[in-house]
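# Predicted model and sequence follow; I will ask about them next.
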Number of protein chains: 10
Amino acid sequence: MEDTQLTQLGRDVRGFDSPEAAILECVPNPHPGTTYLVRFTAPEFTSLCPVTGQPDFAHLVIDYVPGEWLVESKSLKLYLGAFRNHGAFHEDCTLAIAKRLVETLSPPWLRIGGYWYPRGGIPIDVFWQTGAAPEGLWLPDQGVAPYRGRG
Amino acid sequence: MEDTQLTQLGRDVRGFDSPEAAILECVPNPHPGTTYLVRFTAPEFTSLCPVTGQPDFAHLVIDYVPGEWLVESKSLKLYLGAFRNHGAFHEDCTLAIAKRLVETLSPPWLRIGGYWYPRGGIPIDVFWQTGAAPEGLWLPDQGVAPYRGRG
Amino acid sequence: MEDTQLTQLGRDVRGFDSPEAAILECVPNPHPGTTYLVRFTAPEFTSLCPVTGQPDFAHLVIDYVPGEWLVESKSLKLYLGAFRNHGAFHEDCTLAIAKRLVETLSPPWLRIGGYWYPRGGIPIDVFWQTGAAPEGLWLPDQGVAPYRGRG
Amino acid sequence: MEDTQLTQLGRDVRGFDSPEAAILECVPNPHPGTTYLVRFTAPEFTSLCPVTGQPDFAHLVIDYVPGEWLVESKSLKLYLGAFRNHGAFHEDCTLAIAKRLVETLSPPWLRIGGYWYPRGGIPIDVFWQTGAAPEGLWLPDQGVAPYRGRG
Amino acid sequence: MEDTQLTQLGRDVRGFDSPEAAILECVPNPHPGTTYLVRFTAPEFTSLCPVTGQPDFAHLVIDYVPGEWLVESKSLKLYLGAFRNHGAFHEDCTLAIAKRLVETLSPPWLRIGGYWYPRGGIPIDVFWQTGAAPEGLWLPDQGVAPYRGRG
Amino acid sequence: MEDTQLTQLGRDVRGFDSPEAAILECVPNPHPGTTYLVRFTAPEFTSLCPVTGQPDFAHLVIDYVPGEWLVESKSLKLYLGAFRNHGAFHEDCTLAIAKRLVETLSPPWLRIGGYWYPRGGIPIDVFWQTGAAPEGLWLPDQGVAPYRGRG
Amino acid sequence: MEDTQLTQLGRDVRGFDSPEAAILECVPNPHPGTTYLVRFTAPEFTSLCPVTGQPDFAHLVIDYVPGEWLVESKSLKLYLGAFRNHGAFHEDCTLAIAKRLVETLSPPWLRIGGYWYPRGGIPIDVFWQTGAAPEGLWLPDQGVAPYRGRG
Amino acid sequence: MEDTQLTQLGRDVRGFDSPEAAILECVPNPHPGTTYLVRFTAPEFTSLCPVTGQPDFAHLVIDYVPGEWLVESKSLKLYLGAFRNHGAFHEDCTLAIAKRLVETLSPPWLRIGGYWYPRGGIPIDVFWQTGAAPEGLWLPDQGVAPYRGRG
Amino acid sequence: MEDTQLTQLGRDVRGFDSPEAAILECVPNPHPGTTYLVRFTAPEFTSLCPVTGQPDFAHLVIDYVPGEWLVESKSLKLYLGAFRNHGAFHEDCTLAIAKRLVETLSPPWLRIGGYWYPRGGIPIDVFWQTGAAPEGLWLPDQGVAPYRGRG
Amino acid sequence: MEDTQLTQLGRDVRGFDSPEAAILECVPNPHPGTTYLVRFTAPEFTSLCPVTGQPDFAHLVIDYVPGEWLVESKSLKLYLGAFRNHGAFHEDCTLAIAKRLVETLSPPWLRIGGYWYPRGGIPIDVFWQTGAAPEGLWLPDQGVAPYRGRG
Ligand SMILES: [Ca+2]
Ligand SMILES: [Ca+2]
Ligand SMILES: [Ca+2]
Ligand SMILES: [Ca+2]
Ligand SMILES: [Ca+2]
Ligand SMILES: [Ca+2]
Ligand SMILES: [Ca+2]
Ligand SMILES: [Ca+2]
Ligand SMILES: [Ca+2]
Ligand SMILES: [Ca+2]
Ligand SMILES: [Ca+2]
Ligand SMILES: [Ca+2]
Ligand SMILES: [Ca+2]
Ligand SMILES: [Ca+2]
Ligand SMILES: [Ca+2]
Ligand SMILES: [Ca+2]
């Protein structure tokens, strides 16, 4: 087994109180110079409504092209868990996550899809990417089923 | 073509202002004495919340065993449309429809499933039947997909 | 290859003008005395509305336990095709088909599910069986997806 | 519109800090003496692992037969939201919710299905009911899709 | 929690009598200068047929790129609810909603998909966008399942 | 309610004996100069095989960009119903419908997808469009599920 | 690894020319005295029509309760493959397979579901079991999706 | 009804012993000069493994743009049926069918998708087209669901 | 957070070399005397074929009614992982897992469904339960989709 | 039947201890000079986590355009099986497989999709291709369903 400097993977780590407090850890990209895509699907995201304080829920999908670094997945999970008591609009929250990852990883390219649970019968989805995808990148659809109400 | 006394089918009929005003029309059951099931699926139901006055939406499925009469489907559609400006809780509304049909048709057996759109992220379903189904009746599941949020 | 007295299978046969004119052909049941189920699924059924003369469409599923005879499937197809210019309510039409088969085959048991396309936004399904299914019969659900409108 | 004594529906209410602090409100059953089923689907449930403190997520479905009272749906939502910082095993958490509802509503019958998100690749589902369902009750399947991993 | 000037979110607000009377409220875009997409899915839309006065139902999906403003989701819900007693053809209604949003938000780009329930067995879908999507925008398919009748 | 010159909508109209006899009615496009798409889905289409005289069935989807006119949907339904006793190959039938609409509406753009039921175990699909779609048009996939036999 | 007397598993074996020629091999039931179910799903079955000589296709599902023996799965595959040039009606073919297995294994219980591809637009399904299932046996639905034509 | 020179449609024709022996028949394209697509879906394809002689199964989808000729569908069915006792690798077999059709029809464009059943748990799909599709052609996805193992 | 004697949950534990070496840990049932169901879904199971030594894969679903003990889910995961280099027939392997759990937990009732990936195109499913389910237990279907080959 | 130099197909071959030890065998491309696509779907892939030693599972899809050689599918299966006791991060493992195939086959083009089972509730997908696809190649979506948690 390979040896790494990770402080969270394979250890018992408690969560963080806020997104700012959470630490995103990286591992060296084992295939630097290769343009490939890494996708994380996070169906367990929850934050708070900034106006009413009620909990909000979302299904998030994050796609990025690694440069020098990969984000370590357990640290990403703990970072996302740190929004549990954070208040922000759906649009704001989705973009803030993407921008934190951009700042940490300086990836050649990244996008995020935020699929939020309905409020008042109407869900909001938020989609952002850092720009046009790199040439020659293979970029599949995120394929999340549309909301359909009942029946 | 067969001739009937129906006042609404094949004619241009405006809707009714309230459930009480609507007229449920019947046609004679062409197979009296045969225990069979008739199912209506009404995905276009809407009423009002009795507390907030906001619109509510539901997908309704009605199953019944005809006795002497069949309910004529266009009159049923107009009756259901008459809930458009009627305020009642989900549970109340669903049972009221079933009981009106029971009163009109005196069917040997009837049930209703009300599948309401989510409010506050939580949908309510309401299920009622007049009693155990008649022996030998073939009664398929209503098969409405459960609500699943997003993702 | 086996030789049979069938007049329609493997030959070019024109359709019939009415259900009464159509001929249901039978073949001897190769497993008499065995209680098994035969299911026909007919998604290409069409008849006329008896009041407006407009075309109606249905997806039909017929289940029966063979006694002495099997119904030959091409003759069944031609019989169902003969409803093309026949006017009858959904409930009537569905039961008439079942009863013709009962009369022709004298099967120990039979049921029919008629899944009609929506009119006025509300589809009608009709379900009938000759009685409780024989003991020990294996009888799967017909599994037709419920109507769900849009979305 | 009907007038009620509800303190939470149609008003701006903050959440509760623990399940014990939350208030389940009731409204009189508009159809007492009728054996029918009410189903709540709550895809936005989250609590904490009692050992590691990590967040857990579940999709809950609650079915009950109302006696004298209906549970008011907004108060149910706030009660479920109060598990956000509560630590308990999946099995414990699911049964505790059911038992609180039984205590509050004294319903003739109740059941709960807790469909938990996978941990270590293996999800846990928990199913409980207060006993055999009342005779003549119509009780559809909860129909939650099984977990299937990837592919 | 953030403080805003919204008059409807977190308050008990009755609906509006017509689309003209409804007020679309905005909040400042928290990420101005970033080209991202916001999607609203509204499966609870209903209006009236301008010729027969009968209710029509639609599932609407709205996609837009925010400029200076975001539309506040509760005000959007109330605006859409105001079509409840408004008569217009499917094509007209769908485009009118899109144009009102364009006028209110002056978004860099917007599109609407209107998926209407069948009438006479034939549903109508209406699709419009303000022009070609901005370069580098990530724009997923709306993915609404096609109408398929029965079976 | 708006007043129109339509002869068929909201009235009891019998069908036509042949496609040639049917009258396609139009209404003025309420949004002329706007490049948008109108989609009709017709799962109730049936015609005859020109060689054997047997009934054929198809699921049709028609997409067009309106110019001066919209096709009125009830007249379209009656036109499609007029193929009931018309014999033509699948490929011919599908294109004839499209060309009749082109001739009637002179739309900037139109396409048709004809999804025919299997014969001999092999279904035929037919796809045609008048040319490349207009720039800036939003044109979703027709999304009809492929035929898959059994299992 | 365990040692067995099997002549076909792990070896390169050519197929058989007829069902009669094929050899069904058995292995001792490792859990005799335990009432459990073994299910084989065979989506690659093909035989010939006894009247026209055309190929027929089916998806077969076989359920049985082992007694002293398990059927070895490679020998079952070769037996089913031996119907490739055998002519028989759907009903006959399905029951013949079941009866051969009964004769070979003397299982406490067995059933077969034959889901045949459509001919003339109408598929046939055949269902048989040796009798009522043993008490306490867990017997899931075979869950094959119903045929639905197109759309 | 139209009169044609076809030797197989509407007649009882036995199959062919090899692909070489089969006759592909054509009918004149009723819409020459129009760039449209014809799709055949053949879920009943079977051939033999050239190394082991075991049967192989595939689901084939063929798309082409007709030039002067259409392929007659019954003759296509008989041609495909003639691979029943033919041995070839999956890749070879799929391309051979496409090339025979190209030779027979000289179509402006053609493609084939061969979706083979798994061997050793791994299915092979083969995709070929004669070149880039003609400009302005409408070419939907073949949409065959990917293999997913179990669960 | 609750304190427990668990040696594996929340700690970094290596896997076991064989099923015999693995340790199944228990926690006290928090609701003893209540008849409820716990379901584990394990889509990541793999073992070896006892004859060829090739890897086999299965999707397992385990249902049980707890008595005094719950099985701790991380220890269950490690136990299942210990079959990685163990050779046994599908039927044997499935029942061995169930019987080890019965021995460890002495549950009032238990069942297992083993859904194995296809070999030679034919998957095997294995179903066992300890006897009839306790009265009043709510026991949903395991709902695993049937294998369907391709297309 | 064709004769080949393959050492593994049609023979009983044990697996390999590591990816390095496995031998990828080739067969000559029967259609050299034709730009077509071959897709392998491997839902039975498993390796080890390089940090914790725990098993990981993935569903892999490999697409390539053959040049002089085809990879023989049984040797590919054995190569993939050789990762069973190999430790590597998801990103590394997926790219290593692709690069080994590129080295062996020198294909004009290749891509791989690695769809990994969730860890910590968050699955990782990895997508790589050797560059832009060849002109005129037909390249369908891999179409793997996105992960969706529960509900
Ligand atoms: Ca797509
Ligand atoms: Ca609906
Ligand atoms: Ca809601
Ligand atoms: Ca979800
Ligand atoms: Ca309709
Ligand atoms: Ca809907
Ligand atoms: Ca997990
Ligand atoms: Ca899988
Ligand atoms: Ca259908
Ligand atoms: Ca199949
Ligand atoms: Ca057919
Ligand atoms: Ca259809
Ligand atoms: Ca296989
Ligand atoms: Ca699986
Ligand atoms: Ca198939
Ligand atoms: Ca969910």
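Nice, I can see it. Note that the structure is a prediction, hence the values are computed from the model and not measured. Ligands and ions are numbered 1, 2, ... in the order given.

# Where is the longest helix in chain A?
helix A:90-105 (DSSP state H).

# State the mean pLDDT of it.
Here helix A:90-105 scores 96 as its mean pLDDT.

# can that helix be found next to chain E?
Yes. Judged by Cβ under 8 Å from any Cβ of the partner chain, helix A:90-105 comes into contact with chain E through A:91-92, A:95. C-beta here means a position set from N, CA and C on the backbone, and glycine is covered the same way.

# Give me the next element, helix or strand, following that helix.
Later in the chain than helix A:90-105, the nearest helix or strand by DSSP states H and E is strand A:109-116.

# check whether that next one contacts chain B.
Yes. Contact of strand A:109-116 with chain B (Cβ under 8 Å from any Cβ) involves A:115-116.

# Would you mind measuring from A:I97 to chain G?
Distance, A:I97 to chain G, using Cβ to the nearest Cβ, to the nearest Å: 39 Å.

# And for A:T104, the neighbour number?
17 (other Cβ atoms under 10 Å in any protein chain shown).

# Setting aside sequence-adjacent positions, which residue approaches it most closely?
Excluding the flanking residues, the one nearest A:T104 by Cβ to Cβ, 6 or more residues apart in numbering or on different chains is A:L24, at 4.7 Å.

# can you map out the strands along chain A?
A:26-28, A:36-48, A:55-65, A:69-71, A:109-116, A:124-129 (DSSP state E).

# Do I have it right that A:I97 meets A:L110?
No. Applying Cβ atoms under 8 Å as the test, A:I97 and A:L110 come out as separate, 10.2 Å apart.

# Name whatever forms a beta bridge with the residue nearest the centre of chain A.
Centroid check for chain A by Cα atoms, centre = their mean gives A:I62 as the closest residue, at 4.9 Å. For A:I62, the beta-bridge partners under DSSP bridges are A:F40, A:I112.

# for chain A, which spans come out with low pLDDT?
The model of chain A has pLDDT under 70 over residues A:1-5, A:143, A:146, A:148, A:150-151.

# do that again at 50, thanks
A:1-3 (pLDDT under 50).

# Just give me the closest of the residues of helix A:90-105 next to chain E to C:G53.
A:E91 (53.9 Å; Cβ to Cβ).

# give me the number of residues near the closest one?
24.

# How much space separates it from A:S47?
A:E91 sits at a distance of 12 Å from A:S47 (criterion: Cβ to Cβ, to the nearest Å).

# ditto for A:I97
Distance, A:I97 to A:S47, using Cβ to Cβ: 10 Å.

# For these two, list the residues in contact with both.
Shared contacts of A:I97 and A:S47 (Cβ atoms under 8 Å, 6 or more residues apart in numbering or on different chains): A:F83.

# what residues are up against the residue nearest to the centre of chain A?
A:I62 is in contact with A:39-40, A:42, A:97-98, A:101, A:110-113, counting by Cβ under 8 Å, 6+ apart.

# check contacts around A:A96.
Residues near A:A96 by Cβ under 8 Å, 6+ apart: A:19, A:88.

# cool, and the one 10 residues further on?
When contacts are counted by Cβ under 8 Å, 6+ apart, A:S106 touches A:67-69.

# Just the buried residues of these.
A:W69 (16 or more other Cβ atoms under 10 Å in any protein chain shown).

# you'd agree A:W116 is up against A:F127?
No. Counting by Cβ under 8 Å, A:W116 does not reach A:F127; the two are 11.8 Å apart.

# Find the closest residue to ligand 8 in chain A.
A:T41 (15.0 Å; Cβ to the ion).

# how near is the closest residue to that residue other than its chain neighbours to chain G?
Distances taken as Cβ to Cβ, 6+ apart place J:Y147 nearest to A:T41, at 4.5 Å, with adjacent residues excluded. Going from J:Y147 to chain G by Cβ to the nearest Cβ gives 23 Å.

# before we move on, back to that, how close does the residue nearest to A:T104 get to A:K74?
Counting by Cβ to Cβ - A:L24 and A:K74 are separated by 11 Å.

# Those two: which has the busier surroundings?
More neighbours surround A:K74 than the other of A:L24 and A:K74, with 20 against 16 (other Cβ under 10 Å).

# For A:L9, see how far away that one is.
Taking Cβ to Cβ, one finds A:K74 at 5 Å from A:L9.

# what do you get for A:I23?
Counting by Cβ to Cβ, the gap from A:I23 to A:L9 is 12 Å.

# if I look at the two, which residues touch both of them?
Contacts common to A:I23 and A:L9, judged by Cβ under 8 Å, 6+ apart, are A:S75.

# Between these two, which is the more surrounded one?
Counted by other Cβ under 10 Å, A:I23 and A:L9 do not tie: A:L9 has more neighbours, with 20 against 13.

# Provide a list of residues in contact with that one.
A:72-75, J:51-52.

# So for stretch A:27-34, first residue to last residue, what's the gap.
End-to-end span of stretch A:27-34 (Cα to Cα, to the nearest Å): 16 Å.

# got the buried residues for that stretch?
A:27, A:29-31.

# filter these by proximity to ligand 5?
When Cβ under 5 Å from the ion is applied, no member of the buried residues of stretch A:27-34 is adjacent to ligand 5.

# If we only consider these, which is nearest to F:G87?
Using Cβ to Cβ, the buried residues of stretch A:27-34 come closest to F:G87 at A:H31, 61.3 Å.

# how much space between that closest one and chain D?
In terms of Cβ to the nearest Cβ, A:H31 sits 22 Å off from chain D.

# That residue and J:V126: what is the separation?
The gap separating A:H31 from J:V126 is 10 Å, by Cβ to Cβ.

# tell me, what's touching those two both at once?
What both A:H31 and J:V126 touch, as defined by Cβ under 8 Å, 6+ apart, is the set J:91, J:95.

# Residue numbers of chain A in contact with chain D?
Residues of chain A lying near chain D (Cβ under 8 Å from any Cβ): A:12, A:14-15, A:43-44, A:46, A:52-55, A:57, A:81, A:84, A:117.

# Looking at these, which one is closest to chain E?
Comparing those against chain E with Cβ to the nearest Cβ picks out A:T52 as the nearest, at 4.6 Å.

# Might you report the residue contacts of the residue of chain A found nearest chain E?
Closest approach of chain A to chain E (Cβ to the nearest Cβ) occurs at A:G149, with a separation of 3.3 Å. By Cβ under 8 Å, 6+ apart, the contact set of A:G149 is A:121, B:57, B:59, B:117, C:151, E:43-44, E:59.

# Report the two members of those residues separated by the largest distance.
By the measure Cβ to Cβ, A:G121 and B:H59 form the most distant pair in the contacts of A:G149, at 13.3 Å.

# before we move on, back to that, export the residues of helix A:90-105 next to chain E to TSV and append columns for distance to ligand 14.
What follows is the residues of helix A:90-105 next to chain E, written out as TSV (distance: Cβ to the ion, whole Å):
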residue	distance to ligand 14
A:E91	36
A:D92	37
A:L95	34
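
# Tell me the one of those nearest C:P19?
A:E91 (60.8 Å).

# is it true that that closest one touches E:P66?
Yes. Here A:E91 reaches E:P66: they are 7.2 Å apart, a contact under Cβ under 8 Å.

# Between the two, which contacts overlap?
E:29, E:31, E:36, E:38.

# List, out of those residues, those positioned next to ligand 7.
Counting by Cβ under 5 Å from the ion, no member of the shared contacts of A:E91 and E:P66 reaches ligand 7.

# right, and A:L139 touches A:L37 too?
Yes. Under the criterion of Cβ under 8 Å, A:L139 makes contact with A:L37 at 6.1 Å.
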